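Engineer: test case, fold it:
(one chain, ligands or ions: 1)
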Amino acid sequence: MSARPLDVNGVCVSYGSHEALRDVTLSLHRGEFVGLVGPNGAGKTTLLRTILGILTPTAGTIRVAGVSGRAAAARIGYVPQRHDFAWDYPVSVEQVVMSGLTPLMRWGRRAREDDYAACFRALRHVAMDHARTRTIGELSGGQRQRVLVARALVRNPDLLLLDEPFTGLDQPTIDLLFDLFTELAAGGSTLLMSTHDLAGACHRCPRLVLVNTTVRADAPAEALTDAEVWMSTYGVGADSSLLASVGVRA
Ligand SMILES: Nc1ncnc2c1ncn2[C@@H]1O[C@H](COP(=O)(O)OP(=O)(O)OP(=O)(O)O)[C@@H](O)[C@H]1O
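Structural biologist: Prediction:
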């Protein structure tokens, strides 16, 4: 049996004396699409960056497809927040997607025919193959997000990490991206996505992980009907509109 795409076990992360994550345990199976939700400062980005190997846990272990450390990072496709990317850089869509392969290429190696073929496949996956030669600055927000997903997919990862992919996008664009993520999961990709779109996550992510420093709940979205869990994770009262947005009553 092949190893799970992600196993996080008892992970703790601190920034100096500030404890950002405590005893986080989480496993994903192949083909799962999991929403990671929690309030501002809950530790979502910290968890993604720790899985990526950018941050080192003070305790616990992380395995991606059964391996850890640098080998684990090579198995991950990462979709950063859109505003973390330099969109005014004068490069083509294809060049951005190609940059997803760079970590796998030895320094100085020129792109080969199979690299271009991998880029084309990834762009076709996100329905952006028609825009291969366009300059990235010309793209809409939704198209930019698709290009970032293609860049993450090009290395055929065991795990896709998405950091708030919906920020600043309109509802129809968000719906199309949810369709894309659902299709990717149905095709065997494994996705862990942080988001503040609670209503969308409740409707479209089959499984939700609620986090605030530690995992507060981990269940199919439709099973998260206990208002207390949402209230304590987000630190809100029974009168909060958050409860209506996730479809529960206090
Ligand atoms: N580089 C850093 N140095 C010190 N503290 C940090 C750093 N990055 C994050 N933190 C702190 O760690 C905690 C978790 O932050 P993190 O960015 O992971 O939360 P988040 O859930 O992604 O928040 P948001 O939804 O606002 O993006 C917060 O208290 C934050 O202030």
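Engineer: ok, S189 to V24 distance?
Structural biologist: S189 sits 22 Å away from V24, going by Cβ to Cβ, to the nearest Å. No exception for glycine: its C-beta is placed from N, CA and C like everyone else's.
Engineer: do Y15 as well
Structural biologist: 15 Å.
Engineer: got it, and V64?
Structural biologist: Applying Cβ to Cβ, the value for V64 to V24 is 15 Å.
Engineer: higher neighbour count, those two?
Structural biologist: V64 (28 against 24; other Cβ atoms under 10 Å).
Engineer: report the contact partners of the closest residue to the more buried one other than its chain neighbours.
Structural biologist: Distances taken as Cβ to Cβ, 6 or more residues apart in numbering put A72 closest to V64, at 3.8 Å, once the chain neighbours are dropped. Contacts for A72 (Cβ atoms under 8 Å, 6 or more residues apart in numbering) come out as I51, G53, I62, R63, V64, A65.
Engineer: the ligand: which of these is nearest?
Structural biologist: Ranked by distance to the ligand (Cβ to the nearest ligand atom), the contacts of A72 are led by I51 at 12.0 Å.
Engineer: next, the residue nearest to V64: secondary structure please.
Structural biologist: Following DSSP: H, G, I helix; E, B strand; the rest coil, the label given to A72 is helix.
Engineer: all strands for the protein, in order.
Structural biologist: 6-15, 18-28, 33-37, 59-63, 76-79, 159-163, 191-194, 207-212, 214-220 (DSSP state E).
Engineer: tell me which of these lies nearest to E113.
Structural biologist: With Cβ to Cβ as the criterion, E113 lies closest to strand 76-79 of those, at 21.9 Å.
Engineer: what does the closest one contact?
Structural biologist: By Cβ under 8 Å, 6+ apart, the residues outside strand 76-79 that reach it are 48, 51-52, 64, 100, 145, 148-149, 151-155, 157-163, 165.
Engineer: same thing but 10 Å
Structural biologist: Residues outside strand 76-79 that contact it (Cβ atoms under 10 Å, 6 or more residues apart in numbering): 5-6, 48-49, 51-54, 64-65, 85, 100, 122, 145, 147-165, 189-193.
Engineer: and these, which are buried?
Structural biologist: 5-6, 48-49, 51-53, 64-65, 85, 100, 122, 145, 147-155, 157-165, 189-193 (16 or more other Cβ atoms under 10 Å).
Engineer: just the ones of these in helices?
Structural biologist: L48, R49, I51, A122, Q145, V147, L148, V149, A150, R151, A152, L153 (DSSP state H).
Engineer: of all those, which two lie farthest apart?
Structural biologist: Applying Cβ to Cβ across those, the maximum distance is between R49 and A122, 23.2 Å.
Engineer: what does the chain have sitting close to the ligand?
Structural biologist: Within the chain, the residues that sit near the ligand (Cβ under 6 Å from any ligand atom) are Y15, H18, A20, G38, N40, G41, A42, G43, K44, T45, T46.
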